[in-house]
Structure formats: structure tokens, C-alpha cells
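Trainee: Just need the structure, nothing else, for what follows:
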Amino acid sequence: MRRAAVSVPSNIAEGRGRITPGEFQQFLGHARGSLLELQTQMEIAFDLSYLTLEHHEVLQDQANEVRYLLNRLLQSIRKSPESGPSETSETSETCKAI
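Mentor: You can find the predicted model right below:
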């Protein structure tokens, strides 16, 4: 869980250091994948009674807020004029589902 949690901001930082908006988008996708991995691990930890219901709910709320912010950041990058036409409709639909 620590590895996945650290991976989220690490991927954001690495992507921000890249040259193109497309590369940044790719790393934001990696960050979102790590966040979803973390959320899955939280579910497993709760099911195995490593987390109380209260802790589980707090952590899931925080993870959902981070996911919302990541999705908004991705949307804003895709809409920026310098990002170009790199998005496919399949990618767009996948992002909306997550």
C-alpha cells in the first residue's frame, strides 16, 4: 500500500518534468492506475480486518478526492491548445468511466 501511495505523486512529478503535454498525460494515467491499485488494496485490507470501517471510509474518501483531481487535471491538459489532438474517443470514454 505504501508503494502504491508513493507512486501517485511520484508519477505526477515525473510527468510534469517531461517535455510534452502528451507525456505528462501518460504519467498522470500511471498515477491514476497507482491510485486505483491503492484503493483495491484498501478494500482487501478492510476485508481482512486490517482497517476499521471508519479508517476505510476516511481513506476511500481521500482517494476519491485525489482521483477526482487527477481526472480534472487530465481534462484540462487535453483541452489546452498546446496538447494537440492526442486523445482518442476510446481513451475519452475510459477516462469518463474512471
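Trainee: tally of neighbours for residue 15?
Mentor: By the measure other C-beta atoms under 10 Å, the count of residues near residue 15 is 19. Glycine gets a C-beta too; all of them are placed from N, C-alpha and C.
Trainee: give me every residue that touches the spatially most central residue of the chain.
Mentor: If you average the C-alpha coordinates of the chain and look for the closest C-alpha using C-alpha atoms, centre = their mean, you land on residue 32, 1.9 Å from that point. For residue 32, the set of contacting residues under the criterion of C-beta atoms under 8 Å, 6 or more residues apart in numbering consists of 67, 70, 71, 74, 98.
Trainee: nearest to residue 11, of these?
Mentor: Of all those, the one with the least separation from residue 11 (C-beta to C-beta) is residue 70, at 9.8 Å.
Trainee: what's the offset of the host helix or strand of the closest one from the middle of its chain?
Mentor: Take DSSP states H and E as the rule and residue 70 turns out to sit in helix 53-79. Helix 53-79 sits 7 Å away from the centroid of its parent chain (C-alpha atoms, centre = their mean, to the nearest Å).
Trainee: Likewise for stretch 52-59?
Mentor: Per C-alpha atoms, centre = their mean, the centroid offset for stretch 52-59 relative to its chain is 20 Å.
Trainee: contacting residues around it?
Mentor: Where contact means C-beta under 8 Å, 6+ apart, the residues beyond stretch 52-59 that reach it are 42, 45, 46, 51.
Trainee: Can you read off the backbone torsions of residue 52?
Mentor: phi -70, psi 160 (degrees, to the nearest 10).
Trainee: Please report how far it lies from residue 32.
Mentor: If you measure residue 52 against residue 32 using C-beta to C-beta, to the nearest Å, the figure is 27 Å.
Trainee: ditto for residue 25
Mentor: Counting by C-beta to C-beta - residue 25 and residue 32 are separated by 10 Å.
Trainee: Could you pull out the residues contacting both of those two?
Mentor: By C-beta under 8 Å, 6+ apart, the residues touching both residue 25 and residue 32 are residue 74.
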